[in-house]
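Visitor: This is the structure alone, sequence omitted:
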């Protein structure tokens, strides 16, 4: 698989039935399970029920309840559709009988078609010009990501990382189907803060992900540099919206991401 340590444990799905999986608790100092981890695990479960040669092209997910890092995660896959060109899967993630997350993923047989994306380079320094940022130990102890912020950190905050940033998994990932899972994992990183109004100094009593979507436009490797950039779209009624992209070093657009968040002001 080409993974070691905590990330290998995250993707260690144990098949209980043909379309049901369990993942043992992964040691963590976090009070709640990182949302990107649950999304990545749910996508992996969906992949394991789809015929080879059908890579994922989109996922749409809802965060329903807080995940508990100390409890096993049960993943139930429903085979919604298998057509000539597309397969659809619905995944329910739960702790026992308590549903915490739902995901719908769509898979597409590769086809030939018109090739286009917006022109223009990446207006940030390259990763070799930047310094690595070590994710806090309480974040989950995932040591093999190299994350390099393209802008300043907010050092007076508990989680100072902000978009945009470069990332890659340091070890080679041999299984091609795992690259979108790792991208899904990172896709929830520092997104809630990105949904805040630019320049906002409001303190929040609640700041969590509500729903999340990723579109995988082109094949990409998560063990090679990807630039992840998210920015706020709107804020209203204690909800925020962030939208962004992932690009390769040469500027190829490989994924788009959108997330709605719950950001309740304190007081």
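Guide: That came through fine. Please read these numbers as outputs of a predicted model, since none were measured by experiment. Numbers count the residues shown, from 1 in each chain.
Visitor: Buried ones in stretch 190-209, by neighbour count?
Guide: 190-196, 204, 209 (16 or more other CB atoms under 10 Å). For every residue, glycine as well, the C-beta is placed using N, CA and C.
Visitor: For the helix or strand where residue 180 lies, what is the distance to the chain centroid?
Guide: For residue 180, the enclosing helix or strand under DSSP states H and E is helix 178-186. Here the centre of helix 178-186 is set off from its chain's centre by 6 Å, with CA atoms, centre = their mean, to the nearest Å.
Visitor: Beyond that helix, next helix or strand please.
Guide: helix 191-194.
Visitor: The next helix or strand after that following helix vs helix 178-186, what angle?
Guide: Moving toward the C-terminus from helix 191-194, the next helix or strand (DSSP H and E) is strand 204-216. Angle, strand 204-216 to helix 178-186, by axes from the mean of the first three to the mean of the last three CA atoms, to 10 degrees: 160 degrees.
Visitor: Against which helices or strands is strand 204-216 packed?
Guide: Secondary-structure packing of strand 204-216 (3 or more CB pairs under 8 Å, 6 or more residues apart in numbering; DSSP states H and E): helix 35-47, strand 56-63, helix 178-186, helix 191-194, strand 253-265.
Visitor: Can you list the buried residues in stretch 153-163?
Guide: So for stretch 153-163, counting by 16+ other CB under 10 Å, buried means 161-163.
Visitor: tell me the mean pLDDT for it?
Guide: Stretch 153-163 carries an average pLDDT of 79.
Visitor: Also stretch 116-134?
Guide: 90.
Visitor: Start and end of that stretch, how far apart?
Guide: 36 Å (CA to CA, to the nearest Å).
Visitor: And the lowest mean pLDDT element among the helices and strands of the protein?
Guide: Within the chain, no helix or strand scores below helix 5-10, which has a mean of 84 by mean pLDDT, DSSP states H and E.
Visitor: Let me have the buried residues of stretch 190-209 in a markdown table, extended by pLDDT and distance to residue 256.
Guide: Conversion of those to a markdown table gives the following (pLDDT from 0 to 100; distance: CB to CB, whole Å):
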| residue | pLDDT | distance to residue 256 |
| --- | --- | --- |
| 190 | 92 | 17 |
| 191 | 95 | 13 |
| 192 | 93 | 18 |
| 193 | 91 | 19 |
| 194 | 93 | 14 |
| 195 | 95 | 15 |
| 196 | 91 | 20 |
| 204 | 88 | 26 |
| 209 | 95 | 17 |
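Visitor: Now render those residues as JSON lines, adding distance to residue 115.
Guide: Formatted as JSON lines, the buried residues of stretch 190-209 follow (distance: CB to CB, whole Å):
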{"residue": "190", "distance to residue 115": "31"}
{"residue": "191", "distance to residue 115": "29"}
{"residue": "192", "distance to residue 115": "34"}
{"residue": "193", "distance to residue 115": "34"}
{"residue": "194", "distance to residue 115": "29"}
{"residue": "195", "distance to residue 115": "31"}
{"residue": "196", "distance to residue 115": "35"}
{"residue": "204", "distance to residue 115": "42"}
{"residue": "209", "distance to residue 115": "32"}
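Visitor: of those, closest to residue 257?
Guide: For the buried residues of stretch 190-209, the closest approach to residue 257 (CB to CB) belongs to residue 191, at 7.5 Å.
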